[in-house]
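In: could you work out the structure for the sequence below:
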Amino acid sequence: QVQLVESGGGLVQSGGSLTLSCAASGSIFSMASMGWYRQAPGKQRELVATIPPFGDANYADSVKGRFTISKDNAKYTITLQMNDLKPVDTAVYYCKAELRPFHYEPYYQTYWGPGTQVTVSS
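Out: Alright, predicted model coming up:
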């Protein structure tokens, strides 16, 4: 089966930086995209940034210019560099992957990591 493992969350002061990493492992035949989403208390989960294996990344307007997503296609890993963090960035950050686990699977399936907490203090 496929597993997504996130790391790098924590507590940081406003204006600080954190780096999140996500590694996908298991049966992966083809990867469509990987990305980061977040969910703050009482709010819906929202897109932060996604990146396809080849092509440009996509960012939420609220993080453009502050966050950078990067990838290692060979290792099925992505990294989210978060700079100039603000209290509104406080949330559980989830890694998401859309992939085909086996060659005989005709459709891409969605997998989520367990999430990592990011807390930004003012």
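In: so the residue most central in space within the chain versus residue 52, what's the distance?
Out: Residue closest to the mean C-alpha point of the chain, counted by CA atoms, centre = their mean, is residue 36 at 2.3 Å. Here residue 36 is placed at a distance of 14 Å from residue 52 (CB to CB, to the nearest Å). Heads up, the C-betas are built off the backbone N, CA and C, glycines and all.
In: then residue 34?
Out: In terms of CB to CB, residue 34 sits 8 Å off from residue 52.
In: do residue 2 as well
Out: In terms of CB to CB, residue 2 sits 18 Å off from residue 52.
In: mind listing what residue 99 touches?
Out: Residues in contact with residue 99 (CB atoms under 8 Å, 6 or more residues apart in numbering) are 2, 24, 28, 29, 30, 31, 32, 108, 109, 111.
In: again, 7 Å this time
Out: Residues in contact with residue 99 (CB atoms under 7 Å, 6 or more residues apart in numbering) are 2, 28, 30, 31, 32, 108, 109, 111.
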